[in-house]
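Engineer: I would like the atomic coordinates for the input below:
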Amino acid sequence: MNRLGSHRILNIHCQSRDNDLGFAALPDGHAFEWRFSVNFWGTTLFYCDVQWDESGWHRFDAYAYEWDSDRCQTECFWMISRDGLLLNYNPRLGNWDVFPFQDF
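Structural biologist: Residues are numbered from 1 along each chain as shown. Presented below is the predicted three-dimensional model:
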């Protein structure tokens, strides 16, 4: 979800090893959504690259079965904040946790 504010555009590209979800330019306040099924082996991994303003590209794992199967269950919510922080909604605690980007 783009929460950069001030009408700033968030460029995003998400994919897994098998599925490329393409590029999108998200206006402020909009989200990028998709649905998938976890594979039989429990190795499902989707990652996203994001960029805004003059920043470089930043990467994060949007869904990694080993971490997210219990925590997210059916939905994972990610947000890029006004300050450029990566936040993930924690449904157990009802709050947003800050996560580091995996810059490349």
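
Engineer: how many residues are close by Met1?
Structural biologist: Neighbour count of Met1, defined by other Cβ atoms under 10 Å: 18. C-betas here are computed from N, CA, C, even on glycine.

Engineer: can you pull the contacts of it?
Structural biologist: Met1 makes contacts with 29-32, 77-80, as judged by Cβ atoms under 8 Å, 6 or more residues apart in numbering.

Engineer: which one of those has the most neighbours?
Structural biologist: Highest count within the contacts of Met1 by other Cβ under 10 Å belongs to Ile80, 22 neighbours.

Engineer: quick check, that residue in contact with Asp49.
Structural biologist: No. Contact criterion Cβ atoms under 8 Å: Ile80 and Asp49 do not qualify, at 11.9 Å.

Engineer: quick one: neighbours of Phe36, just the number.
Structural biologist: 12.

Engineer: helix, strand, or coil at it?
Structural biologist: Using DSSP: H, G, I helix; E, B strand; the rest coil, the structure places Phe36 in coil.

Engineer: is it in contact with Leu45, as I believe?
Structural biologist: No. Between Phe36 and Leu45 there is no contact under Cβ under 8 Å: 10.6 Å.

Engineer: the bottom helix or strand of the protein by mean pLDDT?
Structural biologist: helix 65-71 (a mean of 81; mean pLDDT, DSSP states H and E).

Engineer: other residues contacting the helix or strand following that helix?
Structural biologist: For helix 65-71, the following helix or strand on the C-terminal side (DSSP states H and E) is strand 78-80. With Cβ under 8 Å, 6+ apart as the contact definition, strand 78-80 has outside contacts at 1-4, 10, 48, 50, 52, 60, 62, 86-89, 96.

Engineer: remind me what whatever helix or strand comes next after strand 78-80 packs against, helices and strands.
Structural biologist: Next helix or strand after strand 78-80 toward the C-terminus (DSSP H and E): strand 86-90. Applying 3 or more Cβ pairs under 8 Å, 6 or more residues apart in numbering; DSSP states H and E, one finds that strand 86-90 contacts strand 78-80, strand 95-99.
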